[in-house]
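A.B. asks: Whatever this is, show me its structure:
(one chain, ligands or ions: 2)
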Amino acid sequence: MSEDKTQDFLAALPELEEGKTYNFKCYPGIKCFNACCTDLDLVLTPYDILRLSKGLDMPSADLLSKCTTMHMDKATNFPEFRLRMTDSKAKSCPFMTKEGCRVYPNRPGACRMYPLGRATRPDGEGGVSEQFFIVTEDHCQGFKEADEWTGQSWKQDQGFEAYTASNDRYMHILARIKQAGRPVPEKMGHMATLAFYKLDEFQRFITHMRVFERVEVDEERQKKILSDPEETLVFAMDWLELMLFQETDKLQPKNVPNRSRCAE
Ligand code: SF4
Ligand code: SF4
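C.D. replies: Residues are numbered from 1 along each chain as shown. Ligands and ions are numbered 1, 2, ... in the order given. Alright, predicted model coming up:
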């Protein structure tokens, strides 16, 4: 589901207002165990790919080709990767096993948040405000359990907070493109594929293309960007924002001298 469709889908669901609670528990042994991990339409964010690639110790290009499908979104010219279900009759998730989720510590954000959906909008002060919605499904028995949650306590319990900064930043970039009313040039879409979804390859690109000669990044951060995918992704967002909009408060271009004039 694209981001716009996701927002429309969520808006049609009952909202979990701030401070309100719902009952839920999911555990191995519950009657419906694994019933929710089949036939899904699940868009993966750059941070989802980072965590899966790290957790599976798999190069991002292999993960993308084996476990996802991709199409370029016409409204932005940015790629959209979806989790590819297996060819089995049940169309199950490639990470589902009888014992549960094989990538549980690194499962995608949408899997963490279930049975809640989270919608965001700019708060006008550079951040986002969030709303939670309850996604009830007939087969899910978890709602009959006694454990009580608010949106915030569920988000914290499921380790979703690590995902929000990156996902919200990514949504902000998409929103800026949509606001401009036209998709980015194709080559920028390909750059977004590399920089956001293939962090190992993007690290090599940074070195090969001497990117740090063109932007202000201190040495300590340079080392982190080239060794820690979490830092690489933050830099990728800074870099793409600068490339796309020619300005960002996150990264300054270097004042590169005009070599031809110096040579005169
Ligand atoms: S259907 Fe609900 S309770 Fe059952 S395994 Fe999935 S999330 Fe858990
Ligand atoms: S990644 Fe894990 S939790 Fe998410 S659908 Fe697949 S098996 Fe289920």
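A.B. asks: can you pull the contacts of A35?
C.D. replies: Contacts here follow Cβ atoms under 8 Å, 6 or more residues apart in numbering; on that basis A35 touches 139-140. The C-beta positions use only the backbone N, C-alpha and C, and glycine is treated the same way.
A.B. asks: Look up how far ligand 2 lies from it.
C.D. replies: Distance check for A35 against ligand 2: by Cβ to the nearest ligand atom, to the nearest Å, it reads 10 Å.
A.B. asks: again, but for G181
C.D. replies: Counting by Cβ to the nearest ligand atom - G181 and ligand 2 are separated by 35 Å.
A.B. asks: ok, now V217?
C.D. replies: Between V217 and ligand 2 the distance, using Cβ to the nearest ligand atom, works out to 34 Å.
A.B. asks: what about the closest residue to that residue other than its chain neighbours, which helix or strand?
C.D. replies: By the measure of Cβ to Cβ, 6 or more residues apart in numbering, the closest residue to V217 outside its immediate chain neighbours is I225, 7.0 Å from it. When secondary structure is defined by DSSP states H and E, I225 falls within helix 219-227.
A.B. asks: CA-only coordinates of that helix in CSV, if you can.
C.D. replies: What follows is helix 219-227, C-alpha atoms only, in CSV (Å, rounded to 0.1, in the frame of the first residue of the first chain):
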residue,chain,number,x,y,z
GLU,A,219,36.2,13.3,10.4
GLU,A,220,34.7,11.4,13.2
ARG,A,221,31.3,11.5,11.5
GLN,A,222,32.8,10.4,8.2
LYS,A,223,34.2,7.3,9.9
LYS,A,224,30.8,6.5,11.4
ILE,A,225,29.0,7.0,8.1
LEU,A,226,31.3,4.6,6.3
SER,A,227,31.0,1.9,9.0
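A.B. asks: Let me know the average pLDDT across that helix.
C.D. replies: For helix 219-227, mean pLDDT rounds to 98.
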